[in-house]
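**Q** let's see this in three dimensions:
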Amino acid sequence: VLELLRAVQRGSEDRKRSLSRLRWALQNKETQQKFVRLDGSIRTLIGIFTSSLADMQMEAARCLHELSHSSDPAVAEACLPVTSYLLTYLSGHSVEFMELCLYTLGNLAVESEAVRKQLLPQGIIPVLASCIQSPHEAVLEGLGYVLSQLLQAKEAPTEIIPLVLDSVLPQHMLRLVCSGLKAGIGAAVEFAWCLHYIVCSHTANAALLSLGALPALTSLLLDLASEIPQDAPEGLELLVCPVLRCLSNLLAEETGCEVQIQDERLLIALFLILQCFLQQHPFIVQECLWLLNNLTADEPFFCSALLSLDLLPALLQLLPCSQMASVLVLTVLCNIAEKGPAYCQQLHRQPALPLLLPTLALPDPEVVGQCLELLHLLFLHWPEAAADFVTQGGHRALEQHQRTPELQERARALLDMVGQPLGASAFSPCHATLSAFS
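**A** As a prediction, this is how the structure comes out:
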């Protein structure tokens, strides 16, 4: 390492080759740590990085990029003197050079709070706001990467997000996310995660809603669903996931959002996405169910639409997918049942009860508990369901839970209801909108 540094410092004819060898050496974690401890090492790289020789600049940029991959905060902090130059070079240079600078900045920001604290007064947010209007997909994707790293920082809600909201970044992020199918999907994915991190901060949702985030993202989801059967681009699930989370979390804010998007096509889109990704990308199932829960939690429109569009059989088929899917499917069914007798009557007409019996036999208390809540609502609002439940052997399924500490009270209350369907209840409603994963 020392020999390579000296060869670079001497400025010999082989300097470019020495830089190239140094770049490969800096892929090793120990070499990175040794390099930054050598006197004048970073200063030498900065000298070449800021020189007028384009090919040497590029090699120095690649060396700095390798250093930025280090998980050692000491290496990131050794690179503090280079951040102002990285920002300066985000204008008027080649796309490849700008891309390198962006990913280097993003990597450094991940590992070091000191780097982030330096970048803010150096004007990183205005610089990114200027870059976001670039016509180059590679630059936009790199920019989205930098921004997503900054927005995940622990200090983001108080120190970074306010600066982002005061810039033109949010409106351009929304534009780029929603044009993901027409432009490049890579940049759309990065900016969709950026929006998700902003929404999860609970500091900026009013600002995003005023920009039309809800109808824009709803429209995008409809577009994404329409692409699925024929020419869905590779990696589409990577865009679908943060878009679903943004919508779920905006709805969880209790701002009356669900009233703004009373469009039954959204339910059809969700079930198309579920059907498409169920086998290859099962994590999308959970994301769709989070959104479906938040749509149906308070708003009767989506409960009615789910029944009138005959989507209940497709929903019931998701019960055995996973533990979390089971809980969420049952929660959505509770949301519907809670709306009253007419809704419970329609649930009873569907083959729901036969599917609930195997669910009651599962060893998972959370799943069984949610199933008991659903049965309570059905029996309360539509006593005929209780009679059918007994006919199908449900009484025995309930009896086995009388010995489970966390379930026994609810199981006994249901057994009482089966005997006297209109009797008193030991239950209280437990539906709620749920914040998606942050």
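**Q** low-confidence ranges, the stretch 201-350 of the chain, go.
**A** For the stretch 201-350 of the chain, the stretches with pLDDT under 70 are 229-233, 254-260.
**Q** do the stretch 1-150 of the chain as well
**A** Scanning the stretch 1-150 of the chain for pLDDT under 70 picks out 1-13, 92.
**Q** quick one, helices of it?
**A** Along the stretch 1-150 of the chain, counting by DSSP state H, counting those that start in this stretch, helices occupy 2-10, 15-25, 29-37, 41-49, 54-68, 73-78, 83-88, 95-111, 113-119, 124-131, 137-151.
**Q** now tabulate these in JSON lines and tack on distance to C241 and mean neighbour count.
**A** C-beta: built from backbone N, CA, C; applies to glycine. Listed next are the helices of the stretch 1-150 of the chain as JSON lines, based on distance: least, Cβ to Cβ, whole Å; neighbours: other Cβ atoms under 10 Å:
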{"stretch": "helix 2-10", "distance to C241": "43", "mean neighbour count": "16"}
{"stretch": "helix 15-25", "distance to C241": "34", "mean neighbour count": "17"}
{"stretch": "helix 29-37", "distance to C241": "31", "mean neighbour count": "17"}
{"stretch": "helix 41-49", "distance to C241": "37", "mean neighbour count": "19"}
{"stretch": "helix 54-68", "distance to C241": "26", "mean neighbour count": "21"}
{"stretch": "helix 73-78", "distance to C241": "29", "mean neighbour count": "18"}
{"stretch": "helix 83-88", "distance to C241": "30", "mean neighbour count": "18"}
{"stretch": "helix 95-111", "distance to C241": "20", "mean neighbour count": "22"}
{"stretch": "helix 113-119", "distance to C241": "26", "mean neighbour count": "18"}
{"stretch": "helix 124-131", "distance to C241": "23", "mean neighbour count": "20"}
{"stretch": "helix 137-151", "distance to C241": "14", "mean neighbour count": "24"}
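**Q** would you format those as TSV with distance to T331 included?
**A** Shown next, in TSV, are the helices of the stretch 1-150 of the chain (distance: least, Cβ to Cβ, whole Å):
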stretch	distance to T331
helix 2-10	60
helix 15-25	52
helix 29-37	45
helix 41-49	54
helix 54-68	43
helix 73-78	41
helix 83-88	46
helix 95-111	35
helix 113-119	38
helix 124-131	39
helix 137-151	29
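**Q** L360: which of the ones you listed is closest?
**A** Nearest to L360, of all the helices of the stretch 1-150 of the chain, is helix 137-151, at 42.9 Å by Cβ to Cβ.
**Q** so what does whatever helix or strand comes next after the closest one touch, helix or strand wise?
**A** Once the chain leaves helix 137-151, the next helix or strand it forms, by DSSP states H and E, is helix 161-165. For helix 161-165, the packing partners by 3 or more Cβ pairs under 8 Å, 6 or more residues apart in numbering; DSSP states H and E come out as helix 137-151.
**Q** the helix it packs on versus helix 124-131: what angle between them?
**A** For helix 137-151 against helix 124-131, the angle by axes from the mean of the first three to the mean of the last three Cα atoms, to 10 degrees is 160 degrees.
**Q** could you pull out the helices for the stretch 251-400 of the chain?
**A** Under DSSP H, counting those that start in this stretch, the stretch 251-400 of the chain gives helices at 257-260, 265-277, 283-296, 300-308, 312-316, 323-337, 341-349, 352-360, 365-381, 383-391, 394-399.
**Q** what sits up against the second one?
**A** Under the contact criterion Cβ atoms under 8 Å, 6 or more residues apart in numbering, helix 265-277 has outside partners 218, 221-222, 224-226, 228-229, 232, 237, 240, 284-285, 288, 291-292, 295, 302, 305-306, 309, 311, 314, 318.
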